[in-house]
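[1] fold the following.
(2 chains)
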Amino acid sequence: EAGVAQSPRYKIIEKRQSVAFWCNPISGHATLYWYQQILGQGPKLLIQFQNNGVVDDSQLPKDRFSAERLKGVDSTLKIQPAKLEDSAVYLCASNPGHLNSYEQYFGPGTRLTVT
Amino acid sequence: RKEVEQDPGPFNVPEGATVAFNCTYSNSASQSFFWYRQDCRKEPKLLMSVYSSGNEDGRFTAQLNRASQYISLLIRDSKLSDSATYLCVVSFNTGGFKTIFGAGTRLFVKA
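    Numbering: from 1, shown residues only, chains lettered A, B, ... in the order given. Model (predicted):
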């Protein structure tokens, strides 16, 4: 079974530029998560989708971050404009979405450096 | 107070040692508890779920104390390959299932 795919794996941009990340979850997984992991910290949830609807985006900085999952499958996360403090690894995870399915399956992440 | 707190370590132990990590959580309505393992520059992976009755998987034992709101992970007979960051994870339902990750505890096992 293919895992969660993410691209690009690495990205270096200057502050105030825009960037977009892509995630393709495990086939059939209804729930998709985007996390931000700053060096030395645990993953912080940015947004959670159930199919193509948003379940939780309370920690998403909506003035600069946006995310969509239009067809309930793959998803994109965008930052516009980027700040230095956005340097982090952006992890996508998915989960079957059943009541008793708790394990989250993570992709390899996109390492963003903002200079 | 952070929702999930862990001792960041690092814990430096020799091979064969027993090491224990603790994690505390603030939300008494928390329902599900997990330990994830994250290798350097890799993604987190589920190590084990934590149940009230405690559970064991080989050299790993997880315990939950709901009254004191903490969970623990015990690793016996440490191996070099156990070197990683161990993330404590707590989930609760607030109209939607919310998951909070701790900052992680780093473990180095040396020969």
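[2] which element, helix or strand, includes residue A:45?
    Element membership for residue A:45 (DSSP states H and E) is strand A:44-50.
[3] what residues does that strand touch?
    The contact list for strand A:44-50, computed with Cβ atoms under 8 Å, 6 or more residues apart in numbering or on different chains, reads A:30-38, A:54-57, A:59-60, A:65, A:67, A:69, A:72, A:75, A:77, A:97, B:96, B:98-101. No exception for glycine: its C-beta is placed from N, CA and C like everyone else's.
[4] now the strands for chain B?
    Remark: strands assigned in chain B by DSSP state E are B:4-6, B:11-14, B:19-25, B:32-38, B:44-50, B:55-57, B:60-65, B:70-75, B:84-93, B:97-101, B:105-110.
[5] which non-adjacent residue is nearest residue 6?
    Here I'm looking at chain A. Distance criterion Cβ to Cβ, 6 or more residues apart in numbering or on different chains; nearest residue to residue A:6, sequence neighbours excluded, is residue A:107 at 3.9 Å.
[6] switch to chain B, that's the one I care about
    Spatially, and ignoring its direct neighbours in sequence, residue B:6 is nearest to residue B:102 (4.1 Å; Cβ to Cβ, 6+ apart).
[7] just give the number of residues close to the closest residue to residue A:26 other than its chain neighbours.
    Nearest non-adjacent residue to residue A:26, counting by Cβ to Cβ, 6+ apart: residue A:94, 5.1 Å away. Burial measure for residue A:94: 24 neighbouring residues, criterion other Cβ atoms under 10 Å in any protein chain shown.
[8] again, but for residue A:21
    The local packing of residue A:21 (other Cβ under 10 Å) involves 22 other residues.
[9] pull the helix or strand harbouring it out as CSV, backbone CA atoms only.
    According to DSSP H and E, residue A:21 maps onto strand A:19-24. Extracted C-alpha coordinates of strand A:19-24, given in CSV (Å, rounded to 0.1, in the frame of the first residue of the first chain):
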residue,chain,number,x,y,z
VAL,A,19,5.0,28.8,-1.7
ALA,A,20,2.7,25.8,-2.1
PHE,A,21,2.9,22.3,-0.8
TRP,A,22,1.1,19.2,-2.1
CYS,A,23,-0.1,16.1,-0.3
ASN,A,24,-1.7,12.9,-1.6
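[10] remind me what that strand packs against, helices and strands.
    Secondary-structure packing of strand A:19-24 (3 or more Cβ pairs under 8 Å, 6 or more residues apart in numbering or on different chains; DSSP states H and E): strand A:5-7, strand A:10-13, strand A:75-79, strand A:88-95, strand A:110-114.
[11] please name the nearest non-neighbouring residue to residue B:49.
    With Cβ to Cβ, 6+ apart, the residue lying closest to residue B:49 is residue B:34, at 5.4 Å.
[12] in the lowest-mean-pLDDT helix or strand in chain B, what's buried?
    Within chain B, no helix or strand scores below strand B:97-101, which has a mean of 86 by mean pLDDT, DSSP states H and E. Using 16 or more other Cβ atoms under 10 Å in any protein chain shown as the test for burial, strand B:97-101 gives B:97-101.
[13] over to stretch A:66-78?
    A:66-67, A:69, A:75, A:77.
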